[in-house]
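**Student:** just to be clear, the model below is a prediction. Sequence and coordinates:
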Amino acid sequence: MLGPYFAEGQAANPSITLPEDDVEAMTWLCKALHFKLSANERLISFGLGRKLATLCDKYDTSVAISSWSAMWMQNWKGSVDGNISYAPLLYMSYAFGNHEAFWCTSRDIMQYYTTNEIKQIANELQSEILPYRLFDSINAERTKTLLRLQTTIEDMLPPFINDKCPEMSSCRLLTVAGYYLSELIRLGLWPLSRIVEQTSINTIASQIEHFENFDETSHEDEEDGWGGRTSSGGKKNRRGKKFEVWQESCSVPEIDCKKLLQDAASVASKALQGLCLNCIKEGKVTTEEGNCQARSQWDCQMQQTKESTQIATP
């Protein structure tokens, strides 16, 4: 910029005033560009990192300092701040052009944030360089995962319901179904609408660990509000008719519901895919628009080459 080919370099003592740029961040950027950073400067704070990311985006220097920015982001847990916040990490990985960090951070937001928290991040960063639709895309991916978990929960109850039971009031299946429904409510996993809007995938996985399977022995001696228990161990209904505590015709299926939910949460979490930064910068923000969700730029380019080859092949 201070060379002879630019107007700023024509003066006897060339200088440039950059009133909008942060002094400290510009100093670090210049040091990085000219390989003047010392080993002690590998750890930087979130605040400085964000200012540097802004400058990199403004002056298109992300490639030139990519080795430094990659080192900064890899060492972030040891930064002077000591805390990890996904919002600035997403911003910085985008501005620095760090595909791996962007993929991981977008995936972490899908796993650890609720819909309202994602909207809050979007509002905080709406004036920044990030595409606003990026957050809609992140929320859409987390919602897809939650809907798969929701299906598992919905499919768990029907095996415990027999609408043809002759003694619905004493049906052991309904007792078990009622127990499991109360467990889901207790853990905040029901109603299902709450899962999608107000709960994170990580919270659901944690709550499932506290889920307790039905223990038939612990329910055999409980009163049910229908009247007294008979001397032979049966109960009386409203008409005084004696019946056994459990209807033998309604056998309970041997389903480990806790393991079913644990496996579903584990599969859903492992299936989560972050967003491809290369595709986003090409305007493909959502998977519907063609975001390949590749973890690296190389993987994205390989997929594009493969697709181009398939199209060209008759």
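**Tutor:** Nice, thanks for sending it over. Numbering: from 1, shown residues only.

**Student:** how about the residue nearest to Leu277 when sequence neighbours are not counted, what does it touch?
**Tutor:** Nearest residue to Leu277 in three dimensions, chain neighbours excluded: Phe102, at 4.2 Å (C-beta to C-beta, 6 or more residues apart in numbering). (Each C-beta comes from the backbone N, C-alpha and C, glycine too.) Shown in contact with Phe102 (C-beta atoms under 8 Å, 6 or more residues apart in numbering): Leu90, Ser93, Tyr94, Gly274, Leu275, Leu277.

**Student:** can you pick out the most distant pair from those residues?
**Tutor:** The largest separation in those, counting by C-beta to C-beta, is between Tyr94 and Gly274 at 12.1 Å.

**Student:** show me where the stretch 1-150 of the chain has helices.
**Tutor:** Using DSSP state H, counting those that start in this stretch, the helices found in the stretch 1-150 of the chain span residues 23-33, 46-59, 66-74, 86-96, 99-112, 115-124, 133-156.

**Student:** next, the angle from the fourth one to helix 99-112.
**Tutor:** It stands for helix 86-96. Angle of helix 86-96 versus helix 99-112, following axes from the mean of the first three to the mean of the last three C-alpha atoms, to 10 degrees, is 160 degrees.

**Student:** any idea how far helix 86-96 is from the middle of the chain?
**Tutor:** Remark: helix 86-96 is offset 16 Å from the chain centroid, using C-alpha atoms, centre = their mean, to the nearest Å.

**Student:** what packs against that helix?
**Tutor:** helix 46-59, helix 66-74, helix 99-112, helix 115-124, helix 277-281 (3 or more C-beta pairs under 8 Å, 6 or more residues apart in numbering; DSSP states H and E).

**Student:** and the shortest one, what does it pack against?
**Tutor:** When contacts are defined as 3+ C-beta pairs under 8 Å, 6+ apart, helix 277-281 packs onto helix 86-96, helix 99-112, helix 297-312.

**Student:** one more: the second one?
**Tutor:** For helix 66-74, the packing partners by 3+ C-beta pairs under 8 Å, 6+ apart come out as helix 46-59, helix 86-96.

**Student:** re the thing from before, deepest of the helices and strands packed on helix 277-281, which one?
**Tutor:** helix 86-96 (a mean of 23; mean count of other C-beta atoms under 10 Å).

**Student:** measure how that one sits relative to helix 66-74, angle-wise.
**Tutor:** 170 degrees.

**Student:** touching helix 86-96 from outside, list them.
**Tutor:** Contacts to helix 86-96, defined as C-beta under 8 Å, 6+ apart, come from residues 46, 49-50, 52-54, 56-57, 62, 65-66, 69-70, 73, 76, 98, 101-102, 105-106, 108-109, 112-113, 121, 124-125, 128-130, 277, 280.

**Student:** filter those to the buried ones?
**Tutor:** Among these, those scoring as buried are 46, 49-50, 52-54, 56-57, 62, 65, 69-70, 73, 76, 98, 101-102, 105-106, 108-109, 113, 121, 125, 128, 130, 277, 280 (criterion: 16 or more other C-beta atoms under 10 Å).

**Student:** can you tell me which helix or strand of the chain has the lowest average pLDDT?
**Tutor:** The helix or strand of the chain with the poorest confidence is strand 242-243; it has a mean of 37 (mean pLDDT, DSSP states H and E).
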